[in-house]
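Asker: any chance you could fold what I've pasted below:
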Amino acid sequence: MSGRNEKQGKNEAKGGFGTKSEPGWQFNSGDAGAATKPVRIRTVRWIYGLLAAGYLACVVVQVFFAGLGILVDPGDLQLHRVFANVFEFVPIVMFVLSFLGDIRGGPRWWPLALFALTALQHITIQNVTGSLRALHAVDALLLFGLSVHLARRSWPWLLGTNRAGKASASGSEDMKV
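Answerer: Numbering: from 1, shown residues only. Model (predicted):
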């Protein structure tokens, strides 16, 4: 029996579902002591998941705009330049939300890597010359891969399911992060 389950059993033996001392947990009296996340944490995690999915969508749109500018009309590169500024600070918001949503591990720290890669996009296109400027495209692949990873990790929060894909009344309390 894990330490948390032993504490839960002791609290139930004392006759209280709401007596758990760990912050961020409350008991659902309708489910014989099953732990659920508070609404605030579920909501923040949902917003985090929405931002992760939105960031991924923005990366795809950004590649599309680059393709328009390179393959169709060079004037369309202005869309690529301007659109980057629309979503470049989303990873910072995700990082802050990770504290409010009690998100730990990679999903807390990977948004900082996304932000660093976004900054590298600006650096490679504005300050790098010669062949190294092609790192802009490689960095875009890294941005895409990392944003896919974050969107997949936060997908259960967005859908309100656990890792097994089963619906959960509390919004993915089984996802360990």
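Asker: give me the buried positions along the longest helix belonging to the chain.
Answerer: Looking across the chain with DSSP state H, the single longest helix is helix 39-67. For helix 39-67, burial by neighbour count (16 or more other C-beta atoms under 10 Å) applies to 41-42, 44-49, 51-53, 55-56, 58-59, 62-63, 65-66. The way it works is simple: take the backbone N, C-alpha and C, and place the C-beta from them, glycine included.
Asker: ditto for stretch 108-116
Answerer: Going by 16+ other C-beta under 10 Å, stretch 108-116 has these buried residues: 108, 110, 111, 114, 115.
Asker: okay, angle between the host helix or strand of the second one and helix 39-67 too, please.
Answerer: Same thing as residue 110. Using DSSP states H and E, residue 110 sits in helix 106-126. Counting by axes from the mean of the first three to the mean of the last three C-alpha atoms, to 10 degrees, helix 106-126 lies at 30 degrees to helix 39-67.
Asker: name the next helix or strand downstream of helix 106-126, please.
Answerer: helix 135-159.
Asker: what about that following helix, average pLDDT?
Answerer: Averaging pLDDT along helix 135-159 yields 95.
Asker: angles on the backbone of the closest residue in space to residue 108 that isn't next to it in sequence, please.
Answerer: Computed as C-beta to C-beta, 6 or more residues apart in numbering, the closest residue to residue 108 that is not its neighbour in sequence is residue 98, at 4.0 Å. Backbone torsions for residue 98, taken as degrees, to the nearest 10, come to phi -60, psi -30.
Asker: now residue 98: how far from residue 57?
Answerer: Remark: distance between residue 98 and residue 57 (C-beta to C-beta, to the nearest Å) = 20 Å.
Asker: domain map for the chain?
Answerer: The record assigns the chain these domain ranges, following automatic domain parsing: 3-36, 39-159.
Asker: tell me which of those sits most buried.
Answerer: Of all the domains of the chain, domain 39-159 has the most neighbours on average by mean count of other C-beta atoms under 10 Å, namely a mean of 16.
Asker: before we move on, back to that, identify all contacting residues around the helix holding residue 110.
Answerer: Helix 106-126 has contacts (C-beta atoms under 8 Å, 6 or more residues apart in numbering) with 48, 55, 84, 88-89, 91-92, 94-95, 98-99, 132-133, 135-136, 139-140, 142-143, 146-147, 149-150, 153-154, 177.
Asker: low-confidence ranges in the protein?
Answerer: Where the chain drops to pLDDT under 70, the residues are 1-35, 162-177.
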